[in-house]
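In: need a 3D model of the sequence below.
(chains A and B)
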Amino acid sequence: MQMDPQKEASPAEGGTPSEPVTSLGERLLALTLTFGKFGGITFGGGYAIVALLEEELVQRRHWLTSEELLHIITVGESTPGPIAVNTATFVGYRIAGVLGGLVATVALVFPAWLVIVLISSCYLALRENVWVASALAGIRVAAVVLIARAFVRMGHGVRRTAVNLLTGALAFGLVAFTPVSAIWIVLGGLLFGVLWHGVLPRLRDKAQS
Amino acid sequence: MIYLTLFWTFFKVGLFTIGGGYAMIPLIQHEVIERHGWMTAEQFTEFVGIAESTPGPFAINISTFAGVHAAQEAGGSGLLGSLCSTGGVIVPSLVIILLIAGVFHYAMRHWSVRAALEGAKPVVVGLIGAAAFTLLLHTLCPEGSGFRWYSAGLAAALLLLTQFIRLGAISLILLGGVLGVGLRCFGIAL
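Out: Reported below is the predicted structural model:
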């Protein structure tokens, strides 16, 4: 994302929208259109939202600065839930309060929900067809390749330390070979992180000083 | 009550997904296949492919799909089921972000929050690896059938292809579908 110093002429450090001069209705409408567009047109994961928001809310409407948007996306990535949903809620909140957060999220979800409801209503009937079944068999193989690729890509984002490799392998083994729920494993990872990356270094520092 | 179960299940999925759509796959997989038996591993893998090649956030697509299917399997309304599953998956985001949006800046900087996320990162990667592994197993040797050599060959070919050509998710899924039909024309069932 590009930083444009001119866009930061009115910095909004305290968490208020950059230019709250437009009416609430106008802001809600803009949120609906922007996030509806994202939900209905763009494909793929949460990152596709970055370019769209930058163009619409930073460049065109000047409602957020690049810096604010970057901060919002960082938060969206590191809080529970889908990145796109987190980002929509947060952007909506920044621009039009709690109502804005709700409106942006519903606008994002609605088109995607509608398309899938339509597709899935004929999925079971079509699945019986031999050609559809053949296509789905190919799609299954491609989907597995896709997940494997996401695994490799996300693995690159993690530092290769002994403890990271160990916890990653442990999580892999527990989910692949035991009936332990993935939820407990995520929870375990969060707790382990607090102890290993948080508490332990602090205790060590204290012991040294 | 299937609707309540759907809402609660996807609420948990939303709450414990850290790092976006793909991180959600192992969680949904465990809940809908192993725990509740709402669908087979084959159907789930097809959903992943379809969700990735339809517009909108991947997480919403897969939740909606699973909700429709699970409710129909239980003899309920797919529409209501999808409202419960998709609603369930977004409520944790909405509540968490709206509740602490004001203090977010400070909360995210706290050492304990950063340490927790640091610890969860490799775990989430491991979970996605496990999802890839188990779904691959189900795709290559489904229950009640032998090893599927043609599927294994196609998986290897697609994997190799993505090493040389930058293929987007949709192109990859479309290619898989086209090859599935194409091979069937020659009498080869994947």
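
In: OK, contacts around the residue positioned nearest the centre of chain B?
Out: Taking CA atoms, centre = their mean, the centroid of chain B lies closest to B:I25, which sits 3.2 Å from it. In this structure, B:I25 makes contact with A:147, B:48, B:62, B:128, B:131, judged by CB atoms under 8 Å, 6 or more residues apart in numbering or on different chains. All C-beta spots, glycine's among them, are computed from the backbone N, C-alpha and C.

In: do that again at 7 Å, thanks
Out: Going by CB atoms under 7 Å, 6 or more residues apart in numbering or on different chains, B:I25 touches A:147, B:48, B:128, B:131.

In: now swap in B:L183 and tell me
Out: For B:L183, the contact set (CB under 7 Å, 6+ apart) comprises B:150, B:190.

In: is it true that B:I2 touches B:G78?
Out: No. Counting by CB atoms under 7 Å, B:G78 is not a contact partner of B:I2; they are 10.7 Å apart.

In: hey, what's in contact with both of the two?
Out: Here B:I2 and B:G78 have B:A71 as joint contacts, going by CB under 7 Å, 6+ apart.

In: please parse the chain into its domains.
Out: No chain specified, so I'll use chain A. A:5-124, A:158-208 (automatic domain parsing).

In: I was after chain B.
Out: According to the domain assignment given by automatic domain parsing, chain B is divided into the following structural domains: B:2-146, B:148-190.

In: how about those domains in JSON lines, adding mean pLDDT?
Out: Shown next, in JSON lines, are the domains of chain B (pLDDT from 0 to 100):
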{"stretch": "domain B:2-146", "mean pLDDT": "88"}
{"stretch": "domain B:148-190", "mean pLDDT": "90"}
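
In: of all those, which one is nearest A:R159?
Out: Distances from A:R159 to each of the domains of chain B were compared using CB to CB; the shortest belongs to domain B:2-146, at 8.6 Å.

In: and that closest one, how far apart are its ends?
Out: Chord length of domain B:2-146, first to last residue, is 34 Å (CA to CA, to the nearest Å).

In: farthest pair in the contacts of B:I25?
Out: By the measure CB to CB, those have their two most distant members at B:V48 and B:I128, which lie 11.7 Å apart.

In: shared neighbours, these two?
Out: Overlap between the contact sets of B:V48 and B:I128, as judged by CB under 7 Å, 6+ apart, is given by A:147, B:25.

In: ok now do B:V181, which residues does it touch?
Out: When contacts are counted by CB under 7 Å, 6+ apart, B:V181 is found next to A:131, A:134-135.

In: isn't B:L158 right next to A:A143, touching?
Out: No. Taking contacts as CB under 7 Å, B:L158 lies outside contact range of A:A143: 10.3 Å.

In: now for the residue of chain B found nearest chain A: which residues touch it?
Out: For chain B, the residue closest to chain A is B:G119, as judged by CB to the nearest CB, at 1.8 Å. With contact set as CB under 7 Å, 6+ apart, B:G119 has these partners: A:189-190, A:192-194, A:196-197.

In: the more surrounded of B:L158 and A:A143?
Out: Taking neighbours as other CB atoms under 10 Å in any protein chain shown, B:L158 and A:A143 compare with A:A143 leading, 29 against 22.

In: in what helix or strand does the more buried one lie?
Out: helix A:130-156 (DSSP states H and E).

In: re the thing from before, most neighbours out of the contacts of B:I25, which is it?
Out: Highest neighbour count within the contacts of B:I25: B:A131, with 31 neighbours (other CB under 10 Å).

In: find the nearest non-adjacent residue to A:A84, please.
Out: B:P57 (3.8 Å; CB to CB, 6 or more residues apart in numbering or on different chains).

In: the one you found contacts A:G81, doesn't it?
Out: No. Contact between B:P57 and A:G81 fails when scored by CB under 7 Å: they sit 10.5 Å apart.

In: give me the number of neighbouring residues for A:V106.
Out: Residues near A:V106, counting by other CB under 10 Å, number 19.

In: ditto for B:H36
Out: 17.

In: now B:A74
Out: With neighbours defined by other CB under 10 Å, the count for B:A74 comes to 16.

In: wait, it touches B:L4, no?
Out: No. If you go by CB under 7 Å, B:A74 and B:L4 don't touch, sitting 11.5 Å apart.

In: the closest residue to chain B within chain A is in what secondary structure piece?
Out: Ranked by CB to the nearest CB, the top residue of chain A for proximity to chain B is A:G193, at 1.8 Å. Using DSSP H and E, the secondary-structure element containing A:G193 is helix A:182-193.

In: got the angle for the lengthiest helix in chain B vs helix A:182-193?
Out: Scanning chain B for the longest helix, with DSSP state H as the assignment, gives helix B:111-140. With axes from the mean of the first three to the mean of the last three CA atoms, to 10 degrees as the criterion, the two stretches helix B:111-140 and helix A:182-193 enclose an angle of 140 degrees.

In: show me how far the helix or strand just after helix B:111-140 is from its chain's centre.
Out: Past helix B:111-140, further along toward the C-terminus, the next helix or strand under DSSP H and E is helix B:149-164. For helix B:149-164, the separation from the chain centroid amounts to 21 Å (computed by CA atoms, centre = their mean, to the nearest Å).

In: likewise for stretch B:76-93?
Out: From the chain centre to the centre of stretch B:76-93 is a distance of 15 Å (CA atoms, centre = their mean).

In: now, of the domains of chain A, which is deepest in the fold?
Out: Using mean count of other CB atoms under 10 Å in any protein chain shown, the stretch among the domains of chain A with the greatest mean number of neighbours is domain A:5-124 (a mean of 19).

In: where exactly do the helices run in chain A?
Out: Counting by DSSP H, the helices of chain A are A:24-41, A:48-53, A:66-78, A:83-127, A:130-156, A:162-177, A:182-193, A:200-208.
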